[in-house]
Structures are given as C-alpha cells and as structure tokens.
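Student: Got a sequence here, can you model it:
(2 chains)
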Amino acid sequence: MTTKEAFTAQVTLPSDTEVRVTRSFHAPRTLVWQAHTVPELAQRWLGYPGWSMPVCEMDVRPGGKYRWRWRSEENGQEFGFFGTFNEVSEPAKLSYDQYYDPGNFDSAMPLDNPTRIRSTYTEKNGITALVTVLDFGTKEARDAAVSTGMTDGMEASYQRLDALFAGEEGKQD
Amino acid sequence: MQASERLDLTFAALADPTRRAIMARLALGEASVAELAAPFNMSQPAISKHLKVLETAGLISTGQDANKRPRKIEGGPMQEAVAWLEDYRKFWERRYEALDELLGQMEAKPPKSKRERR
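Tutor: Alright, predicted model coming up:
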C-alpha cells in the first residue's frame, strides 16, 4: 500500500462556463464506476464533512432520475442536488444534468438552469483516470459554484478557507 | 472592485501564452522591458502592450528605478486566483480521498451486485 503513488485532484478551467476535475485511483474502473452509481456505495464518500447523506437515490439509465440530499449534523439544515442521467455507458461514460435543491437554505445559486456533468473513466495498468467536466451554462454560475465550493451550506462546516489564507499570507512579501 | 471582477481580470490577463511567459520570468525576479522582450521574437512596444494588460489586472507593477523601470510581480491577485481554484480543488480532493478508502475496501471485499431496477 505504501509504495503506491498518491494521486491528487487537478482542477482546470477549459472554458468560461466549465470546470474540469481530474483524478486517478488505484482501482479498476468497474469499481470506480460502482462507487459512483450504486447508492449504498456513493453514500459512503459523496459527502461534505459534518453532513450526513440521508437521501441517495439513483436510477442509472438514460432518462433515469437521481436525488441526493445532505443534512447538517450540527443544525439539521438540508440541501441537495437532483437531476436526470443522459448518457450511461458502463463503465466508461456517464453524463447527467444537475439541479441544486436549496432545501432550507436561501441560495444565490440559479435554480432553473442545470449544470451538465460529463464523466469519463479510463483504465490503464489497474489505474483509473476519472475526468469530470462540469458545465455551469454561464460564467457567473460557474464562478459562483467554484467560489462557494458548490453550496452555500458548506461554508458552515469548512474552516479550510481560513487555514488556506493563513498559509498563503505568510508567503506574501 | 468585486472579488469576481478581479478574478475575471486576472484570468483574462493570464489567458495568453506570452503574458504567462512574462509572469514566469518575473516570478524569478524583477526585469526591465528590454530584458523581458529579449526571449521573445517581439518588439518592445508589443511587449509593453502585454505588460499594460498585466499591470491593469494588478498582476505586476513598475519599480522605483526611473531609468530601468523594472516590472515586478504583485502577489495579491495571483494568490487570489490560485486560492480560488485551490479551494475548489481541495473540496474534490477531500471527497476523492474518501473514495480512495472506499475503493480499497471494495477491492478487499467485492460488493455483491444487487442493483435492482425500479
């Protein structure tokens, strides 16, 4: 285990409306695919620190619906995402629309336009590269999503910003 | 200026290979326009145009020396741009580390395929 290369996520901006997230995993792509598409498995990692995932429903076929919802362990507030699967080519390609479900949050995120998400899974020598492109439709929606790390609700449980800026400031002249 | 407008300016300024190369050079230390133009097959006025874009975005500034007028990097906007994406990247990285753990468990004990359709 300790000899394995540690992979890290890469984020790039391929266009004004998109974000691309790339990451490799030490696992065959059938497993990576299952971890994304079998609800009981997705529930175990598709989360936010400090939030449980009481709802994780997925009907993984073209036109099938899905619904994810998270609940704050601190105050019980909820938010989620829902949408429809478009392309389902197991275990290589998955694309779906995603709408934000603000739950009981006030949200600045647009609710009428879905984010279009396309993931490709490629395997080589037992390593799976996962490339996910999120197209937010407009630059404003893309920037807002990246700025908030995806939801307003996350702010409450993330101290990461403080830590990040504390670390960066030390380097400034 | 709003943080998002500053980011727009930063990314627009960096959406050009010459300007990125200039930033890479300035990351090593301040340099005059002539020094910056040297590695490029470009006139000094053409380089000056790029420098103006970078300066407007607040990415570089002009130093004290009145003769040399050296350009140098301003840390703020660059760090803001990097931090903006880095925060999002960390969000995904955290998730994917949890996925790494799950995949390790799945490999040790393959799940029974019981994917019922509704």
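
Student: which sections of the chain are below the confidence cut-off?
Tutor: No chain was given, so I picked chain A. Across chain A, the stretches falling below the confidence threshold (pLDDT under 70) are A:1-3, A:106-111, A:148-173.

Student: um, chain B though
Tutor: Applying pLDDT under 70 to the predicted model, the residue ranges of chain B that meet it are B:1, B:3, B:110-118.

Student: Close to chain A: what parts of it are there?
Tutor: B:3-4, B:7, B:11, B:75-76, B:79, B:82-96, B:98-104, B:106-107, B:111, B:115, B:117-118 (C-beta under 8 Å from any C-beta of the partner chain). Any C-beta I mention is one placed from the backbone N, CA and C, and that applies to glycine too.

Student: what's stretch A:59-79 in contact with?
Tutor: A:37, A:42, A:46-48, A:50-58, A:80-88, A:90, A:94, A:96, A:100-105, A:107, A:151-153, A:156-157, B:117-118 (C-beta atoms under 8 Å, 6 or more residues apart in numbering or on different chains).

Student: Keep only those of the residues you listed that are in strands.
Tutor: Members of these lying in strands (criterion: DSSP state E): A:51-58, A:80-88, A:94, A:96, A:100-101.

Student: Could you identify the buried members of the contacts of stretch A:59-79?
Tutor: In these, burial by neighbour count holds for A:37, A:42, A:46-48, A:51, A:53, A:55-56, A:58, A:80-86, A:88, A:94, A:96, A:100-103, A:105, A:107, A:151-153, counting by 16 or more other C-beta atoms under 10 Å in any protein chain shown.

Student: filter these by proximity to chain B?
Tutor: Subset of these in contact with chain B: A:Leu46, A:Gly47, counting by C-beta under 8 Å from any C-beta.
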